[in-house]
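**Q** Take a look and give me a structure for this.
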Amino acid sequence: MKIEQNPESGEVHIKFENDEEEYNIEQHLAALMEFVTKQAIEIHRLRKSYRKIVGRLDSLEIRNL
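**A** Predicted coordinates:
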């Protein structure tokens, strides 16, 4: 089982491997945790980039005064 997000629409889909007949909550939770972890890493990366950009803009404003 794998959880994927469509980058264009933002929709999240659960994909089952081999058309499983039995629902396995452990697999569902593991796939969900993997997805959430990837999203958290991406958010952290974007925040870090944002802080760097803001810091550079702040330093440019000081120099132009």
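**Q** Skip the chain neighbours and tell me the closest residue to the residue nearest the centre of the chain.
**A** By CA atoms, centre = their mean, the chain has its centre lying nearest to residue 39, at 1.9 Å. Leaving aside its sequence neighbours, residue 39 sits nearest to residue 5 (CB to CB, 6 or more residues apart in numbering; 8.0 Å). Where C-beta positions appear, they are placed from N, C-alpha and C, glycine not excepted.
**Q** I'd say the one you found and residue 34 touch.
**A** No - using CB atoms under 8 Å as the test, residue 5 is too far from residue 34 to be in contact (12.0 Å).
**Q** My read is that residue 14 contacts residue 5, right?
**A** No - using CB under 8 Å as the test, residue 14 is too far from residue 5 to be in contact (10.9 Å).
**Q** Can you give me the distance of residue 13 to residue 38?
**A** The spacing between residue 13 and residue 38, counted by CB to CB, to the nearest Å, is 15 Å.
**Q** Neighbour count: the two, which is higher?
**A** Taking neighbours as other CB atoms under 10 Å, residue 13 and residue 38 compare with residue 38 leading, 13 against 9.
**Q** how many neighbours does the closest residue to residue 11 other than its chain neighbours have?
**A** Spatial nearest neighbour of residue 11, excluding adjacent residues (CB to CB, 6+ apart): residue 5 at 7.0 Å. Residues near residue 5, counting by other CB under 10 Å, number 13.
**Q** Check residue 29 too.
**A** Residue 29 - counted by other CB under 10 Å - has 11 other residues nearby.
**Q** So which other helices or strands are in contact with the helix or strand harbouring it?
**A** Using DSSP states H and E, residue 29 maps to helix 25-64. Packed against helix 25-64, as judged by 3 or more CB pairs under 8 Å, 6 or more residues apart in numbering; DSSP states H and E, are the following elements: strand 2-5, strand 12-15.
**Q** Nearest to residue 58 among these would be which one?
**A** strand 2-5 (33.2 Å; CB to CB).
**Q** who does that closest one pair up with?
**A** strand 12-15 (antiparallel) (DSSP bridges).
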